[in-house]
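> quick one: sequence plus predicted model below, questions after.
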Amino acid sequence: MAATLLVEILTEELPPKALKQLAERFCDALSVGLDTLFPHPHAAPGRYFATPRRLAVLIHGVHDKAQDVHGETSGPSVGAKAEAVAGFAKKFGVAVDALEKRPHPKGEIYVARYITKGAILDEVLAQKVEAALKTLPIPRVMRWGSGDAQFVRPVHGLVMLHGSRVVPGKVLGLESGTRTRGHRFMGAGEIVLGSAEEYEKKLLDEGKVLADFEKRKAEIDTQLQAEAKKQKASLGEYQTLLDEVTALVEYPSIYVGEFDKAFLEIPQECLILTMRQNQKYFPLFDASGKLLPKFLIVSNMKVADARHIVAGNQRVVRPRLEDARFFFNQDRKQRLEERIPQLAKVVYHNKLGSQLDRVQRIKLLAGKIARLLGADALQAERAAELAKADLLTGMVGEFPELQGVMGRYYALHDKEPAAVADAIEAHYRPRFAGDRLPDGSIACAVAIADKMDAMAGLFSIGQQPTGDRDPFALRRAALGAVRILVEHKLPLSLKDLIHAAFEPFAEKPHTQLRDFLFDRFGSYLKEQGYSTLQVEAVLSKMPANLGVVPQQLEAVKVFQTLPEAESLAAANKRVANILKQAEAKGETFEAGELRDPAERTLQAAIRAASEKAKPLYDKGDYTGYLKSFSMLKEPVDTFFDKVMVMVEDKKLRSSRLALLRDLREAMNRVADISKLAVEK
């Protein structure tokens, strides 16, 4: 019989940031575990439910007994020793007399036909649930009561229903039953389920529990948007908090709280962070993005008169905002520059010195980069000097997420130039994928210097990322540096940046860092829609100026559409192989007399194409540059049809190798065209 299966684990309050992931993994693991025993190809996939006090899975079309599996297997040869035949028969649970004889290329063999009995749901479900729970990403488990059961939180109830029937079994020390629990205050304390199918509706109707995580999230979002509209306000970036709040309530209601307008004198980032992070409130903003003295509360209670709920939350948030005001006022009593010497007491890395050592390195590097960009080097150096000072402030000590942000506010309070203050905040950017980049040459100089110093320093002591491990977030630093160079089209040489970054360090693994940066650059370009072949063709040239690479890739894309492209790519690959083998043999490449008309024609064609292409390359018209060489298809094809390169005559061989070298050098300044050749 097939029916809907429900498994629910009732717990104490689960960790909100992990709730959704726990529920999804539990559903996936249990669905897979049961699917191998109880196939239901036409049924809907498993569905998860998650509230602060429960994880549940609903799977349709589960059979109470799996089908028996009929199989057969080959055994020893007819005529083998009796004990070998008997052992084979016993292994598969059949009598020796029941073994079949079957012809085989090497003579007759015994074949055993057997039946594997299908598993019974009642016998294995508890085991499958336990196994699924053990797969959950739980860093620390708890014990409760006098038993040995362990889970992320104490467990107080277990429901296992197949249709309307209880599946017997014990999980985490609890016997299965039909009883679940509703909302702590608004619903029935105990709810008896008549069947698995009625679970969601009965929890809502009798228990005031909206059990489906995504439905509850959508309901909260709808209520938030409606209330924000009513207040003529917006919610800003609130999606991350929405997931967390969904994991904190079972029956959401939205209420409006307010705080004293005087707190708006504090930087709004401080107020937003304390409301979102500490209180799980949703701040409201006006049309220009300025914080309003209002916030939305997601409550787990729906009441006719919410005044006591609102008053309680307003009473709780005030001390938090007072703390922020205290830190802000205290921090401004000391100038940022006065904090710099204290950085000598803050260890950056035991092999790389203090934060002050690091600041001094970043300052020198930022000044060099600013000069290359034609920016004010003194301002770049000043910004770099002050960039880490806010790490010693009370506000950043309380909210590390505000490093850089508070540095900017304190720098402006200290009457530092606006460009310096902006660079202090922006030098951490981009902080995450898709984050905006620093604006302006001074901010870019400090941001690049910060990231290059981190990579060079840690590479110099052998702390580069390995596999999935990247404890110092160097991949993020590399991608950030690449994005700044590319998206701002900065005229900086990556090679020069790497050399400058390594100057303060004894070990200088330039090549390793270069390859690391190009690897991250390649991943970034593929995410922009370029193919692996296109990216390899351009990056294999190790371009010094990353800012022009997107233009070069676009040129390669256009080149690939030309009718001559495939033939020229194949020819370039052939040329590359010939030259590589010749170099390995110690051959010389010296231009000399060419005798065959085909090679003279090719030489003339290379010169003509190069004369046309060079000015296009110099002005950055990479598409025009590559198109200029489409005229070489016919002379190149004729050359390989008519001319043997590796002839006995050493002088002639050297001349022909030099001709191929000239061809390769002329065509491949933008990209290695041979990388575009597709294997057939």
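Received the coordinates, thanks. Residues are numbered from 1 along each chain as shown.

> is it true that residue 590 touches residue 652?
No - contact between residue 590 and residue 652 fails when scored by C-beta atoms under 8 Å: they sit 10.7 Å apart. For every residue, glycine as well, the C-beta is placed using N, CA and C.

> now do the SS call for the nearest residue to residue 254 once chain neighbours are set aside.
Leaving out its chain neighbours, the residue that sits closest to residue 254 by C-beta to C-beta, 6 or more residues apart in numbering is residue 223, at 4.3 Å. Secondary structure state of residue 223, per DSSP: H, G, I helix; E, B strand; the rest coil, is helix.

> please tell me how far residue 223 sits from residue 516.
Distance, residue 223 to residue 516, using C-beta to C-beta, to the nearest Å: 47 Å.

> so which helix or strand takes in residue 497?
Here residue 497, judged by DSSP states H and E, is contained in helix 494-502.

> by contact count, what packs against that helix?
helix 355-372, helix 441-460, helix 510-527 (3 or more C-beta pairs under 8 Å, 6 or more residues apart in numbering; DSSP states H and E).

> switch to 10 Å and redo it
helix 355-372, helix 441-460, helix 474-487, helix 510-527 (3 or more C-beta pairs under 10 Å, 6 or more residues apart in numbering; DSSP states H and E).

> out of residue 590 and residue 652, which sits in the more crowded spot?
residue 652 (18 against 10; other C-beta atoms under 10 Å).

> name the nearest residue to residue 129, sequence neighbours excluded.
residue 171 (5.0 Å).

> hmm, the one you found is touching residue 133, no?
Yes - taking C-beta atoms under 10 Å as the definition, residue 171 is a contact partner of residue 133 at 7.5 Å.

> what sits in contact with each of the two?
7, 9, 151, 155 (C-beta atoms under 10 Å, 6 or more residues apart in numbering).

> before we move on, back to that, buried residues, the helix holding residue 497. List them.
Within helix 494-502, the residues scored as buried using 16 or more other C-beta atoms under 10 Å are 494, 497-498, 500-502.

> identify the residues contacting that helix?
Contacts for helix 494-502 (C-beta under 10 Å, 6+ apart): 361-362, 364-365, 368-369, 372, 448-449, 451-457, 459-460, 481-482, 485, 490, 493, 508-514, 517-518, 521, 542-546.

> could you pull up the mean pLDDT of that helix?
Averaged across helix 494-502, the pLDDT comes to 96.

> okay, angle between it and helix 441-460 too, please.
70 degrees (axes from the mean of the first three to the mean of the last three C-alpha atoms, to 10 degrees).

> tell me the secondary structure for the closest residue to residue 489 other than its chain neighbours?
Excluding the flanking residues, the one nearest residue 489 by C-beta to C-beta, 6+ apart is residue 547, at 3.8 Å. Using three-state DSSP, the structure places residue 547 in helix.

> pLDDT value on the residue nearest the centre of the chain, please?
Geometric centre of the chain, nearest residue: residue 433, 8.1 Å, by C-alpha atoms, centre = their mean. On pLDDT, residue 433 comes in at 85.

> what about it, is that helix, strand or coil?
coil.

> I'd say it and residue 527 touch.
Yes - contact criterion C-beta under 10 Å: residue 433 and residue 527 qualify, at 9.1 Å.

> which neighbours do those two share?
Joint contacts of residue 433 and residue 527 (C-beta under 10 Å, 6+ apart) are residue 479.
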